[in-house]
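> Curious how this folds, go ahead:
(one chain, ligands or ions: 1)
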Amino acid sequence: MHTTTGPAPTDDGAVPAIEVVGARKHFGHGSRRVQAVDGVDLRIGRGEVVALLGPNGAGKTTLLDMVLGFTDPDDGTVRTLGAAPRRSVRAGRIGAVLQTGGLLDDLSVRETVAMVATLHRKHLSVDEALARAGAADFSGRKVSKCSGGQQQRLRFALALLPEPELLLLDEPTAGMDVNARREFWTAMHQEADRGRTVVFATHYLDEAEEFAARTVVMKGGRIVADAPTAEVQSLAGTRVVSFRWSGTGPVEVPGATPLPAVGARRRLTGPDTDAIARRLLADPAATDLEISHAGLEEAFLGLVAD
Ligand SMILES: Nc1ncnc2c1ncn2[C@@H]1O[C@H](COP(=O)(O)OP(=O)(O)OP(=O)(O)O)[C@@H](O)[C@H]1O
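Residues are numbered from 1 along each chain as shown. Next comes the predicted model:
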């Protein structure tokens, strides 16, 4: 089955921003076949701010591409704002900030926004789009001279032009330094406050923690967690056991997932942290044991661990 077509229902607010039912998508054939999206059901309501988390190759971009109508699912249906995705995109109801492509090196930032504005029937003024995206300060700069972060802000300005109801962002802050990221999210907060639905894929867990009320975690083409961001933390190994380790080599504890060490402290998580702690207490090489609550990062690693 392919992306649904048909008339768009009236915009009564009850129609979800995104509705994905049983979506599958594969690439390649035979031994090179990859099941990029493997039976995803996802409903995102109007005005939600949702983070899409997952390791490389989890299927986030493929899912966003289907929601944008760039590619059709092999199976299942995808509707955006109550209509076929391409129809919503053509109507200027969806704005997207994607990882690559789409910019002409020889134009200035302002010229780029002005050119893309002519493609929309209704749009913000060029100055307004530049200001909202935090791109006014470098609007005279040639695209080829912009940093990666500035190019992302230009893409953001382009996405805002038609005043879209839904903003889709695929790793929007990749290549930005800490200050640029903070400014970007401040601007994005303002757009969310205007009632837009925002869905963003990210590798930065703190961005999900700070910005998204809801987090969807993908792995191997499937959704492995979908809950309020605070709850995702409790879905996988709520606690972390940390300790000093004087042994040589890795710490082997059955049922435990190692987390990156913090300073001199080794860390383990798992479904039964009491059992992990008991095991470590019996080992003289483990000292100064502590059990604490996991942050989103630990929950995420626990969820995507094999
Ligand atoms: N056009 C394509 N042709 C072949 N394989 C593809 C194509 N696009 C994606 N894939 C594969 O599908 C799987 C899912 O990729 P996808 O880009 O959707 O993951 P992702 O979660 O967005 O990863 P990342 O965080 O690295 O961007 C990967 O194994 C990827 O190699």
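
> Contact partners for residue 290?
Applying CB atoms under 8 Å, 6 or more residues apart in numbering to residue 290 gives the contacts 241-243. Backbone N, C-alpha and C define where each C-beta goes, glycine included.

> now those residues in a markdown table, with distance to the ligand and neighbour count?
Below are the contacts of residue 290 laid out as a markdown table (distance: CB to the nearest ligand atom, whole Å; neighbours: other CB atoms under 10 Å):
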| residue | distance to the ligand | neighbour count |
| --- | --- | --- |
| 241 | 29 | 26 |
| 242 | 28 | 19 |
| 243 | 32 | 22 |
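
> quick one: which of those residues sit in strands?
Judged by DSSP state E, strands contain the following of those: 241-243.

> Among the residues you listed, which one sits closest to residue 152?
Nearest to residue 152 among the ones in strands among the contacts of residue 290, counting by CB to CB, is residue 242 at 35.7 Å.

> Assess the claim that the closest one and residue 267 are in contact.
Yes - contact criterion CB atoms under 8 Å: residue 242 and residue 267 qualify, at 4.6 Å.

> What parts of the protein come near the ligand?
Within the chain, the residues that sit near the ligand (CB under 6 Å from any ligand atom) are 27-28, 34, 36, 54, 56-62.

> Tabulate those residues (CSV), appending neighbour count and secondary structure.
Listed next are these as CSV, based on neighbours: other CB atoms under 10 Å; DSSP: H, G, I helix; E, B strand; the rest coil:
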residue, neighbour count, secondary structure
27, 11, strand
28, 10, coil
34, 13, strand
36, 22, strand
54, 26, coil
56, 7, coil
57, 14, coil
58, 23, coil
59, 24, coil
60, 25, helix
61, 20, helix
62, 24, helix
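
> quick one: which two of those residues are the most distant?
Across those, the longest distance by CB to CB is 20.0 Å; it joins 28 and 54.

> got any ranges where the stretch 1-150 of the chain has weak pLDDT?
1-13, 100-101 (pLDDT under 70).

> 50 instead, please
1-13 (pLDDT under 50).

> in it, which spans are strands?
18-27, 34-44, 49-53, 75-80, 94-97 (DSSP state E, counting those that start in this stretch).

> Same check on the stretch 201-306 of the chain?
214-219, 222-228, 239-245, 257-262, 265-269, 286-293.

> Can you check what angle separates the last one from strand 265-269?
Here strand 286-293 runs at 50 degrees with respect to strand 265-269, directions being taken by axes from the mean of the first three to the mean of the last three CA atoms, to 10 degrees.

> what's the angle from strand 286-293 to strand 239-245?
Interaxial angle, strand 286-293 versus strand 239-245 (the same axes, to 10 degrees): 160 degrees.

> Let me have the strands of the stretch 1-150 of the chain in a markdown table, extended by distance to residue 204.
Formatted as a markdown table, the strands of the stretch 1-150 of the chain follow (distance: least, CB to CB, whole Å):
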| stretch | distance to residue 204 |
| --- | --- |
| strand 18-27 | 22 |
| strand 34-44 | 20 |
| strand 49-53 | 9 |
| strand 75-80 | 25 |
| strand 94-97 | 15 |
